[in-house]
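Engineer: here are the coordinates; sequence isn't available:
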Ligand SMILES: O=C(O)c1ccccc1NCC(=O)[C@H](O)[C@H](O)COP(=O)(O)O
């Protein structure tokens, strides 16, 4: 891990400590994944903003917990126009489960991202998904072998970064889908300028071959437009969809806003 443990918010230290202890599956998983880039292209062709809607029952920065059936939430997100889904499988801090992911993936036909804090290869074998998340900040020199181990099982890989140095490490590890998290996992503060700065540093040679996803803190159509102007091929949105009626929230954020060039005031 690049960041020293003491720099992290206490909640994140607790998440990592639990993640280190979590076991994997008994048998090696082999996946025939639904294509994430194809799902984004299909959304664009249908005039929808490509959004990965996140089933996130709770989190360290959320008050309360949504206890509805995760399959009902996921289905409503797809009905609202989500191109893909992200499902938290972290149980202790996000209220997620591998069982929920399994049931959601059976119920929908869009790609499903497993959102978790994966630190060991065996943890890939806990459940099949179309995409797995690997967080550059927490994997250090293990990033490249973890990317390879995920691909050997058939998973597509979303490598999450937060700054330009992590973007360089992600590209060196062979990432072709990169998520830029606007949430600083050390301080848990959100700044939409993070995506703008990191996307701007993507080398010209990589622009056609890397799918860029803006993650976290996106709650308005103005923020959606701002991330798209900065080069986001897709957006990962959790709280703004989970906070209220998920179908209507997804519909609002996947529908390009009239006047999307208005100045955004989100920080
Ligand atoms: O969301 C949190 O509170 C959180 C706390 C500590 C570590 C990670 C956290 N979130 C992970 C995520 O990346 C988000 O769930 C995801 O990007 C969606 O963000 P948002 O739209 O802001 O819910």
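Structural biologist: It's in. Bear in mind the structure is a predicted one, so any value in this text is a computation, not a measurement.
Engineer: switch to C-alpha atoms for all contacts and neighbour counts from now on
Structural biologist: Fine.
Engineer: tell me the bridge partners for the closest residue to residue 237 other than its chain neighbours.
Structural biologist: Leaving aside its sequence neighbours, residue 237 sits nearest to residue 53 (C-alpha to C-alpha, 6 or more residues apart in numbering; 5.2 Å). Applying DSSP bridges to residue 53 yields these beta-bridge partners: residue 85, residue 237.
Engineer: distance of residue 53 relative to residue 126?
Structural biologist: 22 Å (C-alpha to C-alpha, to the nearest Å).
Engineer: between those two, who's got more neighbours?
Structural biologist: The residue with more neighbours, out of residue 53 and residue 126, is residue 53; 32 against 18, by other C-alpha atoms under 10 Å.
Engineer: ok, the more buried one - contacts?
Structural biologist: Shown in contact with residue 53 (C-alpha atoms under 8 Å, 6 or more residues apart in numbering): 77, 82-86, 236-238, 241, 250.
Engineer: out of those residues, who's near the ligand?
Structural biologist: 236-238 (C-alpha under 6 Å from any ligand atom).
Engineer: between the contacts of residue 53, which is closest to residue 112?
Structural biologist: Of all these, residue 112 sits closest to residue 85, with 4.9 Å by C-alpha to C-alpha.
Engineer: nearest to the ligand within the stretch 1-150 of the chain, name that residue for me.
Structural biologist: Closest residue of the stretch 1-150 of the chain to the ligand, C-alpha to the nearest ligand atom: residue 61 (3.8 Å).
Engineer: re earlier: tabulate the ones next to the ligand among the contacts of residue 53 (CSV), appending neighbour count and pLDDT.
Structural biologist: Shown next, in CSV, are those (neighbours: other C-alpha atoms under 10 Å; pLDDT from 0 to 100):
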residue, neighbour count, pLDDT
236, 22, 98
237, 26, 98
238, 26, 98
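Engineer: what's the host helix or strand of residue 106 packed up against?
Structural biologist: According to DSSP states H and E, residue 106 maps onto helix 98-107. For helix 98-107, the elements it packs on are helix 70-79, strand 84-88, strand 112-115, judged by 3 or more C-alpha pairs under 8 Å, 6 or more residues apart in numbering; DSSP states H and E.
Engineer: what sits up against it?
Structural biologist: Residues from elsewhere that reach helix 98-107, judged by C-alpha under 8 Å, 6+ apart: 70-71, 74-75, 87-89, 111-112, 114, 126-129.
Engineer: now with 10 Å, please.
Structural biologist: 55, 69-75, 85-91, 110-116, 126-130 (C-alpha atoms under 10 Å, 6 or more residues apart in numbering).
Engineer: and the stretch 1-150 of the chain, which residues reach the ligand?
Structural biologist: 12, 59-61.
Engineer: try 8 Å
Structural biologist: 11-12, 15, 54, 56, 58-62, 88, 115 (C-alpha under 8 Å from any ligand atom).
Engineer: what does the stretch 151-267 of the chain give?
Structural biologist: 181-183, 185, 188, 190, 215-219, 236-241.
Engineer: how about the contacts made by the residue of the stretch 1-150 of the chain closest to the ligand?
Structural biologist: 11, 93-94, 188-189, 239.
Engineer: could you measure it against residue 189, distance?
Structural biologist: Distance from residue 61 to residue 189, by C-alpha to C-alpha: 10 Å.
Engineer: overlap in contacts, these two.
Structural biologist: Joint contacts of residue 61 and residue 189 (C-alpha under 10 Å, 6+ apart) do not exist.
Engineer: could I get the full set of helices for the stretch 101-250 of the chain?
Structural biologist: Per DSSP state H, counting those that start in this stretch, the stretch 101-250 of the chain carries helices over the ranges 136-139, 143-152, 164-172, 193-200, 221-229, 239-242, 246-254.
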